[in-house]
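In: Provided below are the primary sequence and the corresponding predicted coordinates.
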Amino acid sequence: MSSDWEVMHQSYEELFYRKPDFRVTYTIFTEEEGGRKTPPFQGIRWDFKYDHPEHSNGAIFMIWPEFEDAQGDLIKVANMPLPRYGQARMWIIIEERRAYHKEKIKIGTHGYFMEGHRKVGECEVIELLSLK
């Protein structure tokens, strides 16, 4: 049951009318590690950067995380700070780029959560979902 101060997150599955593309484990960087000064919340629209020499030119992509709780359920409260470590569902936002990413994203692929050109977290692909 939610209290009056809780803001509920509309799931991307409801918003985009499809399933997520893949899942990752993640670590959000602390401020001392170059991360955010304030904690992130569910619904943050970070971009994704591959940790791969082919993408060393600074290319970032609109692949957004949607964070899960410790049981693997979607975190539904949007204004509660996210855990520093956990798992997230990932969403390729530009439909026309899905074929490109399908060739690149495999189990074990490493990447970063990006705010502009600043790395604010890192992640590793652990499961392919609708991107199979």
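Out: Sure thing, it's come through. Numbering: from 1, shown residues only.

In: which residues sit in contact with Glu127?
Out: By CB atoms under 8 Å, 6 or more residues apart in numbering, the contact list for Glu127 reads 22-23, 107. (Glycine included, C-beta is placed from N, CA and C.)

In: what's the longest strand in this structure?
Out: Using DSSP state E, we find that the single longest strand of the chain is strand 118-128.

In: Pull out the buried positions in that strand.
Out: By neighbour count, and taking 16 or more other CB atoms under 10 Å as the criterion, the buried residues in strand 118-128 are 119-123, 125.

In: cool, stretch 25-34 as well?
Out: 26-29.

In: Likewise for stretch 101-113?
Out: Neighbour-count burial for stretch 101-113, counted by 16+ other CB under 10 Å, picks out 101-102, 105, 109, 111-113.

In: Closest to Ala78 out of these?
Out: Within the buried residues of stretch 101-113, distances to Ala78 taken as CB to CB reach their minimum at Phe113, with 17.1 Å.

In: for the residue nearest the centre of the chain, which residues make a bridge with it?
Out: Within the chain, one residue has its C-alpha closest to the average C-alpha position: by CA atoms, centre = their mean, that is Pro65, at 2.0 Å. Using DSSP bridges, the bridge partners assigned to Pro65 are Met90.

In: in this protein, which helix has the most residues?
Out: Selection of the longest helix in the chain by residue count, based on DSSP state H, yields helix 98-104.

In: Can you classify the nearest residue to Ile63 once chain neighbours are set aside as helix, strand or coil?
Out: If the residues on either side of it in the chain are set aside, Ile63 comes closest to Phe48, at 3.7 Å by CB to CB, 6 or more residues apart in numbering. Under DSSP: H, G, I helix; E, B strand; the rest coil, the three-state class of Phe48 is strand.

In: Local confidence estimate at Phe48?
Out: We have a pLDDT of 96 for Phe48.
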